[in-house]
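Colleague: I would like to see how this sequence folds:
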Amino acid sequence: MRKLGLKAKVTGAVVGALMVGGAMVGTAAPALAEDTCPYPYVCFYNFSGHITGKFQDVTSYWQWLSSSYGAYMGRNTRHDDIVFYHFTNGQVICSPPQTTYFFNSWVVDAVRIDWASTCPP
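Modeller: Numbers count the residues shown, from 1 in each chain. Model prediction:
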């Protein structure tokens, strides 16, 4: 698994955002209240803030995206589980519990939910 050169550790208590490579992590909520992501899902959103897909299964393999391919952002509502986002450029980003990632210009194509509670160094 490829890792980014810049590492960031962000918890759900952090307010604001941190730029990581081509993606941004923060705790901002989705734009539309009716499209909030329920626990224990990892949800993907389009630019308008509508959910395009949600995942909840912990797996040891990538779950390839269909309707959420190229999503604008992903939200990890799980309390103790990390999420890996895979991008078409081969990069992988780890999302700590209870965080939101804005993918910016990167194209997300897969997700993997893991039982670990912190991202690897």
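Colleague: can you tell me which residues contact the spatially most central residue of the chain?
Modeller: Centroid check for the chain by CA atoms, centre = their mean gives G74 as the closest residue, at 4.0 Å. By CB atoms under 8 Å, 6 or more residues apart in numbering, G74 lies in contact with 42-45, 83, 85, 95, 100-101, 103, 108, 111. (Glycine included, C-beta is placed from N, CA and C.)
Colleague: okay, it: pLDDT?
Modeller: G74 is assigned 97 on the pLDDT scale.
Colleague: secondary structure class of S66, three-state.
Modeller: Classification of S66 using DSSP: H, G, I helix; E, B strand; the rest coil returns coil.
Colleague: the nearest residue to Y41 once chain neighbours are set aside: neighbour count?
Modeller: Leaving aside its sequence neighbours, Y41 sits nearest to K54 (CB to CB, 6 or more residues apart in numbering; 4.2 Å). By other CB atoms under 10 Å, 18 other residues sit near K54.
Colleague: follow-up on the earlier one: quickly list what the residue nearest to the centre of the chain is bridged to.
Modeller: Going by DSSP bridges, G74 is paired in beta bridges with F44, Y101.
Colleague: can you pull the contacts of the residue nearest to Y41?
Modeller: Counting by CB under 8 Å, 6+ apart, K54 makes contact with 37-38, 41-44.
Colleague: pLDDT on the strand or helix carrying it, on average?
Modeller: Secondary structure from DSSP states H and E places K54 in strand 51-55. Average pLDDT, strand 51-55: 96.
Colleague: who's in contact with Y41?
Modeller: Shown in contact with Y41 (CB under 8 Å, 6+ apart): 54-56, 77-78.
Colleague: confidence score at F84?
Modeller: In this model, F84 is scored at 98, pLDDT.
Colleague: excluding covalently adjacent residues, which one is nearest to it?
Modeller: Closest to F84 by CB to CB, 6+ apart is R112, at 4.5 Å.
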